[in-house]
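**Student:** Compute the structure for the input listed below.
(one chain, ligands or ions: 1)
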Amino acid sequence: MTKVITYGTFDLFHEGHYKLLQRAKALGDYLIVAVTSDYFDKCRGKFNVHDSLMARVKNVEKTGFADEIIIEEYFGQKIDDIKKYGVDIFTVGSDWVGHFDYLSEYCKVVYLDRTQGISSTQIRNSHNIKLGIIGNEDILKRFLDEFNYVSGMEIAGIYCNNKAKPKSELKQFIDVVSLFEEVDAVYINLPLKERFDFMKKALLAGKHVLTEFPFCNNIEQAKELLDIASSKKLVLMEGLKTAYCPAFGKLISLAKSGVIGNILNVEARFTQILGEHLQEQVRIAGGSIESLAAYPLLVIFKLLGTKYKDIKFASHYENGVDVFSKIDFIFDGAIANATVAINAKAEGNLVITGTKGYIYVPAPWWKTDYFEVRYEDINKNTKYFYKFEGEGLRYELVEFVRSIQDGRLDNIILTRDEIFSECMVISRYNEQSGVQAF
Ligand code: C2G
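**Tutor:** You can find the predicted model right below:
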């Protein structure tokens, strides 16, 4: 019996996939199809897979060509599979010519002609969401680099409200209303103080909004924005990159699954000495709380919820700006604290204390790629490694596209309750409620 194996994502299943499987089956007597897991696809740079793993497996199954379906989960698995299943022929489409020649040491390698004129990327791009950028051009390079990894969305142009001389090739809009006429969604990267007006205008114009964090520092304004977004069925998403990065999601799920017992304390620190950039940071993003508290609040709210019983702040001010701050929370059965600084330095780690052990995430935990679960008995300690791609912006962009495409208004990754609670903390601080200066 000749055993054949082939691999693929099989997203938005199309004729090219069908023909590939048909010809793969014809190469032998028994066909194994390995469908890539979501996590493996992310690891190999495919961030925009639309269908769930189960849907992709079902589509392969429906063709009737696969005698067995397995999941591809890691780099190097192909060699393991070939040995494990006693495979005679490995095959993939001709877009991979040469790439898998190394497998010829283990079995025969056949590249089948790719079907011309159709691809999952093409199908995804045929319904591209048009995005307008509102903000300063300085951020653009980083944004555009990351944007290259995202499909399903294209940039229609930019509106800069600061009269700066255009530097990019993007179409420049001279007023924001004409930008709204050409787009479905906007990405707003403006100083915190200027964000609200543009977010409101965009939502009233029926545009989905992705904005930098914190999305708002005033409760009334936050309510107004969330109400407009709900009534108009629009996505209003806060771009706090940590929230969307895969390893951070895994960390939260693991901590909540009980591996360290009941969570008693969450301590999260994010500190910077900005030096010559301090004034600019304060102008754009505010002091330590407005600039950075969103990160520790994210992990605290994810692990302990948003219903804290008490909150207290302590801040050190320089020239009227909070440059170093601590926030202490009391929850039912747990405590938490956040330390943030824009002109002081401490270890920027995250420690989650539980009744059976603790989770340690070294600095920079907000770009999570590695963490450890530690116990009294050090033999039980486990290390988890992940990959944090580029600047991390691609994760939130992919999520933004997906939320719009799926009509998912309350983002499940960073919920409206969480972003509203973050705004409550910041606005409470700004009202100087429970703040100790030192
Ligand atoms: N394919 C094809 N014709 C198309 C499109 C795709 O023959 N028009 C083939 C691809 O060459 C591949 C299979 O269909 O053999 C699945 O394609 P994808 O879902 O795009 O998967 P891919 O990213 O190519 O993954 O480990 C995974 C493998 O490396 C292949």
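**Student:** buried residues in the longest strand belonging to the chain?
**Tutor:** Ranked by number of residues, the top strand in the chain under DSSP state E is strand 321-331. The neighbour-count check on strand 321-331 (16 or more other C-beta atoms under 10 Å) flags 321, 322, 323, 324, 325, 326, 327, 328, 329, 331 as buried. In short, each C-beta sits where N, CA and C put it, glycine included.
**Student:** Tell me the strands beside the helix or strand following that strand, with direction?
**Tutor:** Later in the chain than strand 321-331, the nearest helix or strand by DSSP states H and E is strand 334-341. Strand 334-341 has its sheet partners listed here by DSSP bridges as strand 263-271 (parallel), strand 321-331 (antiparallel).
**Student:** coming back round to it: now what about the longest strand of the chain, what contacts it?
**Tutor:** By C-beta atoms under 8 Å, 6 or more residues apart in numbering, the residues outside strand 321-331 that reach it are 271, 278, 282, 287-289, 293, 296-297, 300, 304-305, 307-317, 335-344, 425, 429.
**Student:** What about those residues, which are in strands?
**Tutor:** Within these, residues falling in strands by DSSP E are 271, 310-317, 335-341.
**Student:** Is the ligand within reach of stretch 60-74?
**Tutor:** Yes: for stretch 60-74, a contact with the ligand is found by C-beta under 6 Å from any ligand atom, at residue 72.
**Student:** Tell me the buried residues in that stretch?
**Tutor:** 60, 63, 65, 66, 70, 72.
**Student:** how many neighbours does the residue nearest to residue 38 when sequence neighbours are not counted have?
**Tutor:** The spatially closest residue to residue 38, leaving aside those adjacent along the chain, is residue 53, at 5.8 Å (C-beta to C-beta, 6 or more residues apart in numbering). By the measure other C-beta atoms under 10 Å, the count of residues near residue 53 is 18.
**Student:** any idea how far residue 53 lies from the ligand?
**Tutor:** Relative to the ligand, residue 53 is positioned 12 Å away (C-beta to the nearest ligand atom, to the nearest Å).
**Student:** So among the contacts of strand 321-331, which ones count as buried?
**Tutor:** 271, 278, 282, 287-289, 293, 296-297, 300, 304, 308, 311, 313-316, 335-344, 425, 429.
**Student:** Tell me, what's the model's pLDDT at the closest residue to the ligand within the stretch 151-300 of the chain?
**Tutor:** The minimum distance from the stretch 151-300 of the chain to the ligand, using C-beta to the nearest ligand atom, falls at residue 151 (12.3 Å). Listed pLDDT for residue 151 reads 81.
**Student:** separation between it and residue 258?
**Tutor:** 37 Å (C-beta to C-beta, to the nearest Å).
**Student:** what's the answer for residue 387, then?
**Tutor:** Distance from residue 387 to residue 258, by C-beta to C-beta: 26 Å.
**Student:** before we move on, what about residue 284?
**Tutor:** 41 Å.
**Student:** Looking at these two, which one has more neighbours?
**Tutor:** Taking other C-beta under 10 Å, residue 284 and residue 258 do not tie; residue 284 has more neighbours (19 against 12).
**Student:** element containing that one?
**Tutor:** helix 278-285.
**Student:** what mean pLDDT does that helix have?
**Tutor:** Here the average pLDDT along helix 278-285 is 90.
**Student:** other SSEs contacting that helix?
**Tutor:** helix 288-292 (3 or more C-beta pairs under 8 Å, 6 or more residues apart in numbering; DSSP states H and E).
**Student:** which residues touch stretch 273-284?
**Tutor:** Against stretch 273-284 from outside (C-beta under 8 Å, 6+ apart): 191, 192, 291, 321, 323, 341, 342, 343, 344, 345.
**Student:** And stretch 423-437, by the same measure?
**Tutor:** Contacts of stretch 423-437 (C-beta under 8 Å, 6+ apart): 214-219, 222, 289-290, 293, 297, 311-317, 325, 327.
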